[in-house]
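Undergrad: kindly generate the corresponding structure for this input.
(one chain, ligands or ions: 2)
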Amino acid sequence: MTANEQVLQQLESVNFPTPPAIVVRLVQLLSKDNVTAEEIGETMALDASMAARVLHLANSVALGGGTQVESITEAVLRVGVDGVRDIVFALAMVGAMRPAHFDYRPFWRHSLAVAFTAQALQNRAQGLTEPFPETYSGGLLHDIGMLVLDRALGTRYRDVLDAARTASRPLAEVEHEMLGTDHAQTGGRLLEIWRFPRLLVDAVANHHRPWVSGQTVTRLVYLADFVCNHQGIHHGTGFFPEGCESRVWSDLGIDPAELPQIVAGVQSDLIRAEAVLASA
Ligand SMILES: [Fe+2]
Ligand SMILES: [Fe+2]
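TA: Ligands and ions are numbered 1, 2, ... in the order given. As a prediction, the model looks like this:
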């Protein structure tokens with residue numbers, strides 16, 4: 001058995017983490033159109049401390065501030081149903097999934113920034129009949145395979161991260177060489193085990209090669225990842241900004257000349273990302 005085969009076997013036998021109950025419920029809600037404030041309220045009832053943190057965030061300057069809101073219904077009015085849903089999702093994931101061999105803060109900061117940026121790119125994309133509800137989650141979870149590799153391989157994965165950083169090479173490439181797999185494939189496998197929607201699995205599994213997938217959500221996550229890395233908002237371990245396939249811009253109907261405006265948006269998204277992280 002080669003070293004790479006051993007890694008793959010190790011990954012199959014590892015106890016994959018289970019998603020927080022609140023996240024499972026939210027993913028189910030996400031696959032529906034028009035989630036209501038009441039449904040969000042029911043989801044919040046799963047976790048009282050979560051409700052308190054969402055209220056705190058809804059009152060923060062980063063999310064609008066102003067007069068004090070005191071109930072989830074008011075919070076929904078302030079940041080919108082989608083906003084509350086996204087905050088709950090992010091808080092639950094950041095709280096539940098912490099890496100052991102690298103710093104969680106830049107990792108989740110990058111993941112949150114990619115989630116917000118993917119949504120902003122979706123708003124700019126031409127020819128979409130309606131927005132995909134998976135876009136935010138795809139951005140938030142795109143690098144989650146790094147957490148699986150960290151948990152399964154321990155210090156061995158730290159060596160991979162060090163090798164990528166030292167050589168200034170794309171992480172997925174170095175992972176393939178040293179492990180025979182990469183965090184995108186591993187993350188896709190995790191979401192498959194979690195029975196997450198097909199579009200989400202695809203976005204995570206193919207976020208470094210969207211041309212093999214052809215799905216819009218996957219392209220949006222790829223482009224958002226590129227934009228954030230390009231701005232130095234990386235996951236803190238392998239910050240070499242990978243090249244960007246020009247056809248992804250044209251497939252989405254976004255003019256690369258819009259990049260400065262997109263980048264300006266990323267900076268304000270970062271303030272939201274920091275606010276969410278500070279409450280996690
Ligand atoms: Fe990645
Ligand atoms: Fe990334």
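Undergrad: report the contact partners of residue 150.
TA: Contact partners of residue 150, counting by C-beta atoms under 8 Å, 6 or more residues apart in numbering, are 99, 100, 101, 102, 157, 158. The way it works is simple: take the backbone N, C-alpha and C, and place the C-beta from them, glycine included.
Undergrad: the helix or strand hosting it close to ligand 2?
TA: Following DSSP states H and E, one finds residue 150 within helix 145-153. No - contact of helix 145-153 with ligand 2 is not found when judged by C-beta under 5 Å from the ion; the minimum separation is 8.6 Å.
Undergrad: backbone dihedrals for the residue of the stretch 151-280 of the chain found nearest ligand 2, please?
TA: With C-beta to the ion, the shortest gap between the stretch 151-280 of the chain and ligand 2 falls at residue 225, namely 4.2 Å. Main-chain dihedrals, residue 225, degrees, to the nearest 10: phi -60, psi -50.
Undergrad: I'd say it and residue 114 touch.
TA: Yes - at 5.3 Å, residue 225 counts as touching residue 114 under the criterion of C-beta atoms under 8 Å.
Undergrad: please enumerate the shared neighbours of these two.
TA: Between them, residue 225 and residue 114 share the contacting residues 139, 142, judged by C-beta under 8 Å, 6+ apart.
Undergrad: run through the residues that contact the residue of the stretch 151-280 of the chain closest to ligand 2.
TA: 114, 139, 142, 207.
Undergrad: among those, which ones are in helices?
TA: Using DSSP state H, 114, 139 are the members of the contacts of residue 225 that sit in helices.
Undergrad: name the residues of the stretch 151-280 of the chain found near ligand 2, please.
TA: Checking the stretch 151-280 of the chain against ligand 2 by C-beta under 5 Å from the ion, the hits are residue 225.
Undergrad: same thing but at 6 Å, please
TA: Residues of the stretch 151-280 of the chain lying close to ligand 2 (C-beta under 6 Å from the ion) are 225, 235.
Undergrad: if we can go back for a sec, for the contacts of residue 150, pick the one with the most neighbours.
TA: residue 157 (26 neighbours; other C-beta atoms under 10 Å).
Undergrad: could you give the mean pLDDT of stretch 178-194?
TA: Averaged across stretch 178-194, pLDDT comes to 93.
Undergrad: run the chain-centre distance for stretch 92-108.
TA: 12 Å (C-alpha atoms, centre = their mean, to the nearest Å).
Undergrad: likewise stretch 184-195?
TA: Distance of stretch 184-195 from the chain centroid (C-alpha atoms, centre = their mean) equals 13 Å.
Undergrad: export stretch 39-59 as CSV, just CAs?
TA: Only the C-alpha atoms of stretch 39-59 are listed here, as CSV (Å, rounded to 0.1, in the frame of the first residue of the first chain):
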residue,chain,number,x,y,z
GLU,A,39,-39.4,29.1,11.0
ILE,A,40,-36.2,31.0,11.8
GLY,A,41,-37.6,31.5,15.4
GLU,A,42,-38.3,27.8,15.7
THR,A,43,-34.8,27.0,14.7
MET,A,44,-33.4,29.5,17.2
ALA,A,45,-35.4,27.7,19.9
LEU,A,46,-32.9,24.8,19.5
ASP,A,47,-30.2,26.9,21.1
ALA,A,48,-30.9,29.6,23.6
SER,A,49,-27.3,31.0,23.7
MET,A,50,-27.4,31.2,19.9
ALA,A,51,-30.5,33.5,20.2
ALA,A,52,-28.7,35.7,22.6
ARG,A,53,-25.7,36.0,20.3
VAL,A,54,-27.9,36.8,17.3
LEU,A,55,-29.6,39.6,19.2
HIS,A,56,-26.2,40.9,20.2
LEU,A,57,-25.1,40.9,16.6
ALA,A,58,-28.3,42.5,15.3
ASN,A,59,-27.5,45.3,17.8
